[in-house]
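Trainee: predicted model, plus sequence, below.
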Amino acid sequence: MKEEIQISLVIENKPGALAKVIKKITDNGIKLDVVTGEAAGDRGVIRMITDDPNKTISILEQENYKYAKDRVISKKIKNTNDLRQTIEKLGNANINIKSIYLHCVCGEESNYIFVCDDLEKAKKVLESG
């Protein structure tokens, strides 16, 4: 388990809008570790984790993008039962999961991103086994 910085931004929901953002970021030597997004009407929300969040934010500010920065947990999950137990642990500790998504499948494990309302408490609960 490790802490990451997730950057969320709102873009227009039109062809090429996502490509423009990704190009600006990657043209500056930044590696995208995670990208997820969804559309709602004429806007889309993109969430990303990069290898250099500060540089990513600087680029977004230069381009006048509105963004939010959140601390998130990246956790390896062995199987469906492990995922259920992780979610139950957080719920039993009265921690709200605001968002969860799959980052990657790495061999026998999957890596999930958890966005929680109390990150420090969530880290302690998950570190305790």
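Mentor: Perfect, thanks for sending it.
Trainee: and the pLDDT at Asp118?
Mentor: Note for Asp118: predicted pLDDT of 95.
Trainee: quickly find the element holding the residue nearest to it when sequence neighbours are not counted.
Mentor: Residue nearest to Asp118 in three dimensions, not counting chain neighbours: Ile95, with 5.4 Å by C-beta to C-beta, 6 or more residues apart in numbering. (Each C-beta comes from the backbone N, C-alpha and C, glycine too.) In this structure, Ile95 sits in neither a helix nor a strand according to DSSP states H and E.
Trainee: Ile95 - how many residues pack around it?
Mentor: When neighbours are defined as other C-beta atoms under 10 Å, Ile95 has 20 of them.
Trainee: is it true that it touches Lys123?
Mentor: No. Counting by C-beta atoms under 8 Å, Ile95 does not reach Lys123; the two are 10.0 Å apart.
Trainee: check the secondary structure at Asp82 for me.
Mentor: helix (DSSP: H, G, I helix; E, B strand; the rest coil).
Trainee: and the gap between it and Val21?
Mentor: From Asp82 across to Val21, the span is 34 Å (C-beta to C-beta, to the nearest Å).
Trainee: isn't Ile87 up against Ile97?
Mentor: Yes. Counting by C-beta under 8 Å, Ile87 touches Ile97, with 6.7 Å between them.
Trainee: tell me the domain ranges of the chain?
Mentor: 2-70, 72-127 (automatic domain parsing).
Trainee: list the buried residues for the helix or strand of the chain with the lowest mean pLDDT?
Mentor: Least confident helix or strand of the chain, by mean pLDDT, DSSP states H and E, is strand 97-106 with a mean of 87. By 16 or more other C-beta atoms under 10 Å, the buried positions in strand 97-106 come out as Ile100, His103.
Trainee: now swap in stretch 82-99 and tell me
Mentor: Leu83, Thr86, Ile87, Leu90, Ile95.
Trainee: mind checking how far the third one is from Asn79?
Mentor: Ile87 sits at a distance of 13 Å from Asn79 (criterion: C-beta to C-beta).
Trainee: in terms of pLDDT, where does Asp42 sit?
Mentor: 94.
Trainee: hang on, isn't Val77 packed against Ile113?
Mentor: For the record, residue 77 is Ile, not Val. No. With contacts counted by C-beta under 8 Å, Ile77 stays clear of Ile113, the gap being 10.9 Å.
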